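J.: Quick one, what's the 3D model for this:
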Amino acid sequence: MISRAPMTEAGTPGRWLIEQAVQRLVADGSSRDEQRRPHGAWVLLWGPIESDEDLEGARVAVPLLAAWFLTDSGFVRQDVWRYLRHRALRRSSVYSPLATEVGVLEVALYRGGAAAYAAGHLGPQAAYGMRLERGPDGELLEQRVWVS
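T.: So this is what the prediction gives:
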């Protein structure tokens, strides 16, 4: 998979954190063996959150700002409604949320922009969420929030 994050528009608050979060999630998905690697992944940029719980459940309380679909060829910008339709189908009674070969990588800044939340859903037993911050020396600090 491509390691360059698409979310680098000039003037985006927390741009560095968002780029680092996407690069970290993509690298993790790319490092999985081919049989366990998703066949593409949605890459989502959500509006600011208070906590990671703001992105859980069937109804998300924050707006979806942008969506891309990632394949081995790179990032392709998508209309956010395409992802929301995909999400609704995954949660319907016809399709199991775990019966998908497509990953979901989510990124959101915490309110204030000093930290970012990143979550990777790469299969039924390969999901995790983390909080990323820029340390005093400019290094990326990572704290796992949850693992499934």
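
J.: C-alpha from now on. contacts and neighbour counts both.
T.: Noted.

J.: And the residue nearest the centre of the chain, how close does it get to Ala119?
T.: Geometric centre of the chain, nearest residue: Glu106, 1.8 Å, by CA atoms, centre = their mean. Distance, Glu106 to Ala119, using CA to CA, to the nearest Å: 5 Å.

J.: quick one on the thing from earlier: which pLDDT value belongs to the residue nearest to the centre of the chain?
T.: pLDDT recorded at Glu106 is 93.

J.: For it, which residues count as its bridge partners?
T.: In this entry, Glu106 is beta-bridged to Leu44, Ala119, by DSSP bridges.

J.: Roughly how far does it sit from Arg144?
T.: Taken as CA to CA, the span from Glu106 to Arg144 is 14 Å.

J.: Phe69 is in contact with Leu45, correct?
T.: No: the pair Leu45 / Phe69 is not scored as a contact, 11.8 Å apart, by CA atoms under 8 Å.

J.: Can you give me the pLDDT of Leu70?
T.: 89.
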